[in-house]
Each structure stands twice: as C-alpha cells, then as structure tokens.
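Asks: I would like to see how this sequence folds:
(chains A and B, ligands or ions: 2)
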There are 2 protein chains.
Amino acid sequence: MATSAKIIDGKAIAATIRGELKVEVEAIKAKTGKVPGLAVVLATDRKDSETYTRMKKKMAEECGMKSFGHTLPSTVTQDELIEVVRKLNSDQDVHGILVQLPLPKHINEEEVLAEISIDKDVDGFHPLNIGRLSMKSRDPLFTPCTPKGCIELLKRTGVKIEGKRAVVLGRSNIVGLPAAMLLLHANATVTICHSRTEDLPGVVREADILIAAVGKAEIVKGSWVKPGAVVIDVGTNDAPDPTSKTGYRLVGDVAFDEVKQVASAITPVPGGVGPMTIAMLLSNTVDSAKRHFGIA
Amino acid sequence: MATSAKIIDGKAIAATIRGELKVEVEAIKAKTGKVPGLAVVLATDRKDSETYTRMKKKMAEECGMKSFGHTLPSTVTQDELIEVVRKLNSDQDVHGILVQLPLPKHINEEEVLAEISIDKDVDGFHPLNIGRLSMKSRDPLFTPCTPKGCIELLKRTGVKIEGKRAVVLGRSNIVGLPAAMLLLHANATVTICHSRTEDLPGVVREADILIAAVGKAEIVKGSWVKPGAVVIDVGTNDAPDPTSKTGYRLVGDVAFDEVKQVASAITPVPGGVGPMTIAMLLSNTVDSAKRHFGIA
Ligand SMILES: NC(=O)C1=CN([C@@H]2O[C@H](COP(=O)(O)OP(=O)(O)OC[C@H]3O[C@@H](n4cnc5c(N)ncnc54)[C@H](OP(=O)(O)O)[C@@H]3O)[C@@H](O)[C@H]2O)C=CC1
Ligand SMILES: NC(=O)C1=CN([C@@H]2O[C@H](COP(=O)(O)OP(=O)(O)OC[C@H]3O[C@@H](n4cnc5c(N)ncnc54)[C@H](OP(=O)(O)O)[C@@H]3O)[C@@H](O)[C@H]2O)C=CC1
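Replies: Numbering: from 1, shown residues only, chains lettered A, B, ... in the order given. Ligands and ions are numbered 1, 2, ... in the order given. Alright, predicted model coming up:
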C-alpha cells in the first residue's frame, strides 16, 4: 500500500510568518514612529526577476513596511548601479537593500554586492556574513533567505534535525552552501553533493533530511529517497507542458509524484520554499530595523 | 594477509616545502632587498604553546624569513594584547601576524583575532577569510594552515580528491570546517561529523578520504575504516604511557596500528599533519609578503 507524504505547505507557513512580522512592525512603529524599509534594486528586463521584485515589494507593504523600488535599465553601467547602492546605504529609512540577481552579464556581481553596507545586507550574501554563518559560535548579521526558509520549514513542521543525516544537493553561495551550514549548526550530520558527486542516488538515499537545490527538473527520483525522509525542494525549473497555456509548467528538482510516495514529508513546487524566501527577506529586514533603532 | 598502508611522511613533505619556500624567499630578497616577516605573539605559560611558537619562529628563520617574537605574561590584559597586535599591523616589516591560541580565559579570543589586519591574517581565521574560503569562486587571502596542510598532503601523495567521498570528523573553525570546505572545492562529496553525529563508525566507513580532527585519543578504530581509504589524522592527544619518561605519549585521533592494516595511506602522529601546519604558515607568510611587495 503506497503511503503518501505530508505536504509541507510553505505558502501557509509563510503567511503565518508574515502575520507575525506585521505585529512586529506595528510594535516598532509604536515605539519609534518609524517602520522598517526595504529597498529592491532591479537592473534587468528578465520577466521572472521583475515578478520576484514586485512580489517582494508587495509583501513588504502588506506587512506594514516601506518599500523602495529602483528599476534601472539592463543597460545600466556598473558605476551607476553602485551609485544607487551607495545612496541606499546612507538612506536612514532603508534598513535592507536587495539587488535582484542575476545581474546583466556586463556587471560584476561580486563587486556590486560588496558595495551593500554589511548592516543592510538582508540577502546575507556578504562573505563576512557567510563566514560568520559557517563558523561555530559566530552569528551572522543576516542569514541568506532561501536556506533560512528551508530550516524554518523544517522547524515549523516539527522535524528533528539534531543527529539526523542531512544531504544537500548543490553548493551555491546563495542556497546549497549556506543551507548545509545551517543544518550543521542545527547538529545534523551533513553531506554536500554537487555536479561532480559520484553515485548521487546512493548518497541521496542516506538522507533523513534532503535539501535539493541543483536547478535540474525532477532529477531526484522516488527510488533515490530513503523511506520516511523529509524532502525540501528548492528547485524552480521550467518543464515543457503542452497542456499549459504558456507551454510550460514550474517543477522542482524533485519528481514530486514519485517521491511523495516514499518521503514522510515534502515541499511542493510552487508553494513550498518560494514563499518562505520572501518571508525570510522580510524577517531579515525587520531584524535590521530593530538593530538600527536599538530595540531588541 | 594483512596489508599495510603507505605512511604519509608529513615531516619529509614539510621539509620539501620549506626548501621550496627558502628559494622563494631568496628570490624575494633579490628583487626587493627585503624578506618576509612573521610575528608570533605568545600570551600564555602553556608549555605546548611555548614549544609551538618557538618552532614557528625557528622554521621561519631557517627559510630565510625574519621572525618577530612577542612574549607576554599570561596576566596580560586584553587591551595590552590588542595594542601589540595594532603595532604589528602597522609595522611594514611584518607580513604575517600569528596570535598563538588558546588565549588565557580572561581574554576574548574573537575580539583579539578581529584586530589582526586582514592582509596579515596568515592563520586565516578572520570570518571574511572563512567566508571567502567557503564560497564558490571566491578565494580567501589566507587559508587556515592545518586544513591547508591536510590537502597539501593529499595532493603531494597523489591522492585523487574529485568525486571521492570525504568525511571530516570535527567542525571547529580552525580545522574541521575549513578542511571540509577545501575538500568540497576540490570536488569531493563531503560529510561533516561532530559530537552529535549518530553512528559515527557507520558514517566514517563511507569515507574514501577521512580527516580526523576531534581531539579524542585513538577514537577511530580499524573496523570503522573502509578498506583502501586514505586517513589524515590531525589529532594530537596525550595518552598515558607508563613506559615513557614523561608518563605519556602523543597519539592521534586514529588508532594507528589498527587502521594502518585497513587504510591505503595514513599520516602518523607525530610526523604527519603537525609539521605541515607550520610549513603552511610559512607559505602564507611568503604569499603575504609577495602581495605586499606587489610581486606575483
Ligand atoms: N525557491 C526559491 O526561492 C529559490 C529557488 N532557487 C532555485 O534553486 C535551484 C538552485 O539554485 P542555485 O543554487 O542558485 O543554482 P546554481 O546553479 O548556482 O547551483 C546549482 C548547484 O547544483 C549542482 N548541480 C548541478 N547539476 C547537478 C547534477 N546533475 N547533480 C548534482 N548536482 C548538480 C551544481 O554543482 P557544481 O557546483 O558542481 O556546479 C551547483 O552546486 C534553481 O532551480 C533555482 O531556480 C534559487 C534561489 C531561490
Ligand atoms: N597537528 C596540528 O597542527 C594541529 C592539531 N590539532 C589537533 O586536532 C584536534 C582537533 O582540534 P580542534 O579542531 O581545534 O578541536 P575542537 O575541540 O575545537 O573541535 C573538536 C571537534 O570534534 C568534535 N568531536 C568531539 N568529540 C567527538 C566525538 N566523540 N565524536 C565526534 N566528534 C567529536 C567536536 O564536535 P562539537 O562541534 O559537536 O563539539 C568538534 O567539532 C585536537 O587534537 C588538536 O590538538 C589542532 C590544530 C593543529
């Protein structure tokens, strides 16, 4: 008899978190007369990036925060972009600065990100933040949003992390690596996989907790997953789908229909990690504002 | 028939590296009229720390470098210690600053280490260095010496890392964590274990390459090791030994006599990782001086 995994409802959990943040924002306003401010810088014509930044601003406002949009043409020069970042650095009403990635090819991402003031780096991508995140007994100012969202999903679903085998597929600076570090500090035994991993199915099968962030549509099959594992699917990939109006549909890195027969819990795509990423961005911005106003 | 592992001779490999460094130091001197300088700050009465710092200074001088010793009483205040670090930061003849750990309990290690100028942090312990070390496509200014020495041992022994299963026992900021990051960037599939790991023997048995850095005498038994694995033993522990004059002998984290029957290669303790740590410190100092003098 095929059992079926609990579906981890990221959309609902993210909504709960936004509700909690709204209360916090009201408290900040009551104390200081001000609200947290999030600046979102867009420098591309990519439709998906436009959608993401619109969502981020909208959600910030729904939580009672101020949002500052800066939409630049994809032909913007690096110097112009850096100039915008610097202005935001010194703007007292801005507590978080997000530069939407990827940037156009003619711009050096690393150099632009390095310009964001460390105490407004709500994406948590500054090497100093990643260093403190990786180190024992050092807390980063900000934890990268997507990995933080993955851990929050595990926590709010009541998944025990300590002592478990966790496998992270992917080692990117923005998802895989920081996710592995968070699992490690939550006392999981962590294995990190990537494109050079041999026998990926075999390694994945060791996981009590699996975080997939490779960007390959439905690469993780049902037969790869240990029965009872908890599966967090970060991937957002376009898969061809002739039955859909657009000709494609959004799928994760996990073959959802197969894996949900094996796992004990699984996030859907969409509606899993995606909404959590934004909720964590807002949460980081609220934390930043509280630090700025000197209220714990 | 019991086979026996190749013994990885860290002492000999470190001597070779020091020989290479000596040549580099001469070349630097020929070009600039100056030599790399290493400052070693000791603020403790611990006999082992005294021995380590003496060795570091001696080896630096043997390579033709200048060494600057600063021996402070263990009663030194944090401010006094920081004052010493700041002076060294601005000393043009000093290219590397090492504060010997552990520091006395009344001193905040993190605050003192944070004072070391990032471009003289030859121990590689600054969070910015750890961040860049952990991130993809970002190189740290300095890589922590002991983990760098472990990887160098693997490389100089001709051990292929890419695609292999590597297991690191320990997640400390100075050994375990950075060792795991280096193996990851060398394209191993990396598992990190620690005191909360369940079934440690089972996890260790997955390793093609094992780095043990837990600080527990001979905890890794022969039965834990996959036949043919390569074992790097970072541990330096005192084990009681009534036959020795001092009443103890130095042992690693690995039960050497058992494990050498199973592994394909293994480092001894002493004479394995230890000498490499110092060689890598000298190598970092030479790199720092070259950067300082603007010579690649
Ligand atoms: N829901 C959300 O909010 C977010 C979703 N995402 C999605 O998550 C996914 C990952 O994103 P990101 O980390 O930025 O992607 P990257 O492309 O930066 O990293 C992908 C990682 O997966 C590894 N990888 C690629 N192919 C394979 C393979 N066949 N087997 C094993 N490992 C492989 C790569 O290995 P190597 O290092 O060797 O190249 C790399 O480490 C994407 O689908 C992205 O759209 C990302 C951010 C936010
Ligand atoms: N040869 C050389 O040059 C050097 C040698 N060393 C030696 O290396 C060893 C490690 O040093 P260091 O990293 O500084 O030590 P730490 O004490 O800082 O870290 C030890 C690590 O081992 C883990 N650990 C402890 N007990 C166990 C256990 N029973 N099972 C699994 N994991 C365990 C700890 O887990 P948790 O995080 O859960 O506490 C921790 O992550 C020591 O023996 C030290 O003397 C160190 C530096 C240089």
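Asks: roughly how far apart are residue A:37 and residue A:72?
Replies: Going from residue A:37 to residue A:72 by Cβ to Cβ, to the nearest Å gives 19 Å. All C-beta atoms are positioned from the backbone trio N, CA, C, and that covers glycine.
Asks: so is whichever residue of chain A sits closest to ligand 2 in a helix, a strand, or just coil?
Replies: Proximity of chain A to ligand 2 (Cβ to the nearest ligand atom) peaks at residue A:136, 6.3 Å away. Following DSSP: H, G, I helix; E, B strand; the rest coil, we place residue A:136 in the coil state.
Asks: can you pull the contacts of it?
Replies: Applying Cβ atoms under 8 Å, 6 or more residues apart in numbering or on different chains, we find residue A:136 in contact with A:185, B:171, B:172, B:173, B:177.
Asks: could I get those as JSON lines with pLDDT?
Replies: Formatted as JSON lines, the contacts of residue A:136 follow (pLDDT from 0 to 100):
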{"residue": "A:185", "pLDDT": "98"}
{"residue": "B:171", "pLDDT": "98"}
{"residue": "B:172", "pLDDT": "97"}
{"residue": "B:173", "pLDDT": "96"}
{"residue": "B:177", "pLDDT": "98"}
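Asks: from these, which ones fall inside helices?
Replies: Of the positions in the contacts of residue A:136, A:185, B:177 sit in helices, assigned by DSSP state H.
Asks: tell me, which of the contacts of residue A:136 make contact with ligand 2?
Replies: Among the contacts of residue A:136, the ones lying near ligand 2 by Cβ under 6 Å from any ligand atom are B:171, B:172.
Asks: Between the contacts of residue A:136, which sits nearest ligand 1?
Replies: Ranked by distance to ligand 1 (Cβ to the nearest ligand atom), those are led by residue B:177 at 18.4 Å.
Asks: isn't that closest one right next to residue A:133, touching?
Replies: No - using Cβ atoms under 8 Å as the test, residue B:177 is too far from residue A:133 to be in contact (10.9 Å).
Asks: ok, now which ones touch the closest residue to residue A:223 other than its chain neighbours?
Replies: In space, and not counting its chain neighbours, residue A:223 is closest to residue A:201: 6.9 Å by Cβ to Cβ, 6 or more residues apart in numbering or on different chains. When contacts are counted by Cβ under 8 Å, 6+ apart, residue A:201 touches A:221, A:223, A:224.
Asks: same thing with residue A:31?
Replies: Contacts of residue A:31 by Cβ under 8 Å, 6+ apart are A:293, A:295.
Asks: Then residue A:39?
Replies: Residue A:39 sits in contact with A:67, A:68, A:69, A:70, A:88, A:91, A:94, A:96, A:97, A:98, where contact means Cβ under 8 Å, 6+ apart.
Asks: Identify each buried residue in the longest helix seen in chain A, please.
Replies: Here the longest helix in chain A is taken by residue count, with DSSP H as the criterion, and it is helix A:10-32. Residues A:10, A:13, A:14, A:17, A:18, A:21, A:22, A:24, A:25, A:28 are the ones in helix A:10-32 that count as buried (16 or more other Cβ atoms under 10 Å in any protein chain shown).
Asks: Among those, which one lies nearest to residue A:247?
Replies: residue A:10 (25.6 Å; Cβ to Cβ).
Asks: if I read this right, the closest one contacts residue A:272, doesn't it?
Replies: Yes - taking Cβ under 8 Å as the definition, residue A:10 is a contact partner of residue A:272 at 4.1 Å.
Asks: who touches both of those two?
Replies: residue A:153.
Asks: Tell me if I am right that residue A:59 is in a helix.
Replies: Yes - assessed by three-state DSSP, residue A:59 belongs to a helix.
Asks: OK, contacts around it?
Replies: Contacts for residue A:59 (Cβ under 8 Å, 6+ apart) come out as A:18, A:278, A:279, A:282.
Asks: separation between the last one and ligand 1?
Replies: Taking Cβ to the nearest ligand atom, to the nearest Å as the criterion, residue A:282 is separated from ligand 1 by 13 Å.
Asks: Quick check: that residue vs residue A:195, distance?
Replies: 33 Å.
Asks: The longest helix of chain A vs ligand 1: in contact?
Replies: No - Helix A:10-32 lies apart from ligand 1 when judged by Cβ under 6 Å from any ligand atom; the minimum separation is 8.9 Å.
Asks: Could you identify the helix or strand that succeeds that helix?
Replies: Later in the chain than helix A:10-32, the nearest helix or strand by DSSP states H and E is strand A:37-42.
Asks: Name every strand pairing with that following strand and say which way it goes.
Replies: Using DSSP bridges, the strands paired with strand A:37-42 are strand A:66-71 (parallel), strand A:96-99 (parallel).
Asks: Leaving out the residues flanking it, which one is nearest to residue A:203?
Replies: Excluding its sequence neighbours, the residue lying closest to residue A:203 (Cβ to Cβ, 6+ apart) is residue A:193, at 5.6 Å.
Asks: ok, now which ones touch that neighbour?
Replies: Contacts for residue A:193 (Cβ under 8 Å, 6+ apart) come out as A:167, A:168, A:169, A:170, A:171, A:200, A:203, A:204, B:189.
Asks: biggest separation within these, which pair?
Replies: Greatest spacing in the contacts of residue A:193, by Cβ to Cβ: A:171 and A:204 (14.7 Å).
Asks: What distance do you get for residue A:196 to residue B:229?
Replies: For residue A:196, the distance to residue B:229 (Cβ to Cβ) stands at 19 Å.
Asks: Of the two, which one has the most company?
Replies: residue B:229 (25 against 15; other Cβ atoms under 10 Å in any protein chain shown).
Asks: Touching, that one and residue B:208? I think so.
Replies: Yes - counting by Cβ under 8 Å, residue B:229 touches residue B:208, with 5.8 Å between them.
Asks: what do the two both touch?
Replies: Shared contacts of residue B:229 and residue B:208, defined by Cβ under 8 Å, 6+ apart, are absent.
Asks: what number of residues lie near residue A:147?
Replies: Residue A:147 has 31 neighbours, counted by other Cβ under 10 Å.
Asks: right, and the helix or strand after the host helix or strand of it?
Replies: Using DSSP H and E, residue A:147 falls within helix A:145-156. Downstream of helix A:145-156, the next assigned helix or strand under DSSP H and E is strand A:165-169.
Asks: Pairing partners for that following strand, with directions?
Replies: Next to strand A:165-169 in the sheet, as set by DSSP bridges, lie strand A:189-193 (parallel), strand A:209-212 (parallel).
Asks: what mean pLDDT does the longest one have?
Replies: Strand A:189-193 comes out with an average pLDDT of 99.
Asks: and the residue lying closest to residue A:85 once chain neighbours are set aside, what are its phi and psi?
Replies: Distances taken as Cβ to Cβ, 6+ apart place residue A:115 nearest to residue A:85, at 4.6 Å, with adjacent residues excluded. Main-chain dihedrals, residue A:115, degrees, to the nearest 10: phi -80, psi -20.
Asks: Residue of chain A closest to chain B, please.
Replies: Closest residue of chain A to chain B, Cβ to the nearest Cβ: residue A:131 (2.9 Å).
Asks: so which strand or helix has the nearest residue to residue A:146 once chain neighbours are set aside?
Replies: Once flanking residues are discounted, residue A:146 sits nearest to residue A:277: 4.7 Å by Cβ to Cβ, 6+ apart. Using DSSP H and E, residue A:277 maps to helix A:273-293.
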